[in-house]
Every structure is written in C-alpha cells, then in structure tokens.
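> any chance you can model this:
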Amino acid sequence: MPQEKALAIDVTGVEARQGVLPRPSLLSSYQAGWENLSLEYHLQPEYESPEHYASHYTLVIRLKSQSGLERWLGDCHKSENCIPGDVAVIPPQVIHKISSPQESEFIALCLDSQFVLNIAGESVDPDVLEIIPHFSKPDPLIYQIGLALKTALQSDMLASRLYAESMATALSAHLLQHYSAPKHTLQEYQGGLPKYKLQRVIEFIIDNLSENLLLGTMAQEVGMSQYHFARLFKQSTGLSPYQYVIHCRIERAKILLLQSQLKISEVASQVGFADQSQFTRHFKRLLGVTPKEIRSKK
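Model (predicted):
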C-alpha cells in the first residue's frame, strides 16, 4: 500500500464510513439486500473529513445548493459551488477529502468495482480504459437515478432490490460512456505535466468531447501557454493533445456503438466529429475496423 494511502481511512465498510462524517445516514439500503449498489442519504452539518478511500465507485449526488465546498481528489483540489443535480465521481482507491462550511444534503451511491469491470468487459477492453475522478458537475441522469432509488427505498425497501440491480447496470454503462479515458495516460512521466494538472485537463477533455476542443482552451484550463502545455502533455501521455482527443473520441464512440441504438452518424456527432466520413476514417485507422463492423459484433 502506498505511503500516502496508509495515512488515509479505508471507508469501504459501512462502519468505517461513520468515522469520516459527523452523523450517520438518514436512509440506507444496507437492510434491503441490494447487490452491486448501495445508497446512503445524508444531511450533514458543517464538517471536514479526514483523507479516505474505498474499493468501490462513489457517486456523490448533491441535493441542496452549497457554496464554498472544498474537495480533494488525489492530487487535485477544487473549490465547488454546488447546485442540486451536481455529481462528483470518485473511483476506487482515489484519496478523497472534503471540507464543507455549511449544512450539506446529498445521496452517496456506492457501485461495486468488479461489477463495473464486468460491464466494461462486455463492450470495451478494461485494460485500455478506466473511469477517472470528476469533481462536481451537472449529471441529470445520475441525479434522476439517485432520486428514483431513494424513493424506491423509502416506499418499499424489499421491492427496491430488483430496481437497484437494473440501475447498477445503467450507472456502470453511463460511467463508461461519459467518465472514462485511455488508461495509460494517468502515468506520471519525468518532466511532464504535474499529475494534478494532467488529471484536470483529462477531466476537461472527457467532459467536452462533443465540443471543438482547441489547444488554447485546454492550455487555459491548466493555466499554461499553448507551447508548454503541448510539449509537457506529450511527455506525460506519449500523445499530442490532438491525438489524445481523437483517441478519447474513438474509445467513447466504440462504447456508444456497442451499448446504444444510435445511428453511426449520431455517434459521430456525439463524440465531436464533423461528419461520418471523418469519424469512420479515424475509427478504422485506430481500431482496424469500421464503425459498422464493430456494431455487427453486438
């Protein structure tokens, strides 16, 4: 276990989580027999947590507006002004810490990491992609799933089990589609970008794949000149920013082709390609097959 993790608290277990929050949850799925997914509903006073991590994915869904919240994810830190529907994504083993200067209301969904890996294996190579940490941002689907699960748990705890199982699959697919990046890029190379800047710009890229991602915009996100950013990014990932964006777009397109009913032209648009021919050209260059051939494997 890395030295920094030895100082953090493993909150995989329910009892361990009680040590990082001032109050126990107001609602919990642990008596409902859910598999692969659990839910906790919290109303917490002002608090500052110690550093902690878990072996599962944690999705923190904000239910109440809150300003001045400080969050640390690994080497990254961000001040968050949250609104209802904002979601933070914390992958397994990522060190997490939070300082909340006011009362906070949120749902925490815990998703089994092996279950997500199994879902990934159905459509992508889990050795190639991984889900990366994300600070709070709007995610209407996760928000609505969280609210629906909370309502199901409150109305009929025992009957909620089947619903929770189906939502675990939907959440896993959603994380893979919208929060994953090429795995090798999170290594830290000598002379490259600091790890926290690399994580921040990768999060920015993943969140904006459908947009026209310009070098200047990416450099601005981490407060660097275009020249230095491009040089250090390539040292860190082995790819230029442009090449990396193309790789991310193709990997997301592959997931969409295998897990959705979208037309190929619609997939091309969703991942940021100007037209289907450009998309097909890059797809075949990187994967050796056309989008149509990938879809035929479903």
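
> which SSE is immediately downstream of the stretch of helix or strand residue 233 belongs to?
If you go by DSSP states H and E, residue 233 is part of helix 226-237. Under the assignment DSSP H and E, the closest C-terminal helix or strand after helix 226-237 is helix 241-259.

> mean confidence for that following helix?
For helix 241-259, the mean per-residue pLDDT is 91.

> immediately after it, which helix or strand?
Scanning forward in sequence from helix 241-259 by DSSP H and E, the next helix or strand is helix 264-270.

> please point out which parts of the helix or strand following that following helix sit buried.
Tracing the chain C-terminally past helix 264-270 and defining elements by DSSP H and E, one meets helix 276-287 next. Of all the residues in helix 276-287, those buried under the rule 16 or more other Cβ atoms under 10 Å are 276, 279-280, 282-283, 286. Quick note: C-beta positions are derived from backbone N, CA and C, even for glycine.

> between helix 241-259 and helix 276-287, find me the angle.
Inter-element angle recorded for helix 276-287 and helix 241-259: 100 degrees (by axes from the mean of the first three to the mean of the last three Cα atoms, to 10 degrees).

> helices and strands around helix 276-287, which ones?
With contacts defined as 3 or more Cβ pairs under 8 Å, 6 or more residues apart in numbering; DSSP states H and E, the packing partners of helix 276-287 are helix 241-259, helix 264-270, helix 291-295.

> which residues are contacting the last one?
Under the criterion Cβ atoms under 8 Å, 6 or more residues apart in numbering, residues 253-254, 257-258, 264, 267-268, 279-280, 283, 287 lie in contact with helix 291-295.

> and with 10 Å instead?
Identification of contacts with helix 291-295 by Cβ atoms under 10 Å, 6 or more residues apart in numbering yields 123, 250, 253-254, 256-258, 260-265, 267-268, 276, 279-280, 283-284, 287, 289.

> how about it: buried residues?
Neighbour counts using 16+ other Cβ under 10 Å place 291, 294-295 of helix 291-295 among the buried residues.

> which of these has the weakest pLDDT?
In terms of pLDDT, the lowest of the buried residues of helix 291-295 is residue 295, showing 84.

> surely residue 192 is in a strand?
No: for residue 192, which was evaluated using DSSP: H, G, I helix; E, B strand; the rest coil, the result is coil, with no strand membership.

> can you tell me how far the closest residue to it other than its chain neighbours is from residue 206?
Leaving aside its chain neighbours, residue 192 sits nearest to residue 236 (3.2 Å; criterion: Cβ to Cβ, 6 or more residues apart in numbering). Residue 236 sits 16 Å away from residue 206, going by Cβ to Cβ, to the nearest Å.

> so for these two, which sits in the more crowded spot?
Neighbours around residue 236 and residue 206, counted as other Cβ atoms under 10 Å, are more numerous at residue 236. The numbers are 24 against 18.

> residue ranges of the strands in the stretch 51-200 of the chain, please?
Counting by DSSP state E, counting those that start in this stretch, the stretch 51-200 of the chain forms strands over residues 52-53, 57-62, 66-73, 76-82, 86-90, 96-100, 104-111, 129-131, 134-138, 180-182, given from the N-terminal end onward.

> can you list these in TSV and add mean neighbour count?
Putting those into TSV (neighbours: other Cβ atoms under 10 Å) gives the following:
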stretch	mean neighbour count
strand 52-53	22
strand 57-62	24
strand 66-73	18
strand 76-82	16
strand 86-90	24
strand 96-100	20
strand 104-111	22
strand 129-131	21
strand 134-138	18
strand 180-182	21
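
> which one, of those, ends up nearest to residue 169?
Residue 169 lies closest, by Cβ to Cβ, to one member of the strands of the stretch 51-200 of the chain: strand 104-111, at 10.2 Å.

> next one: that closest one to chain centre, how far?
What separates the centre of strand 104-111 from the centre of its chain is 14 Å, taken as Cα atoms, centre = their mean, to the nearest Å.

> what's it packed up against?
For strand 104-111, the packing partners by 3 or more Cβ pairs under 10 Å, 6 or more residues apart in numbering; DSSP states H and E come out as helix 14-17, strand 37-44, strand 57-62, strand 66-73, strand 86-90, helix 140-155, helix 160-178.
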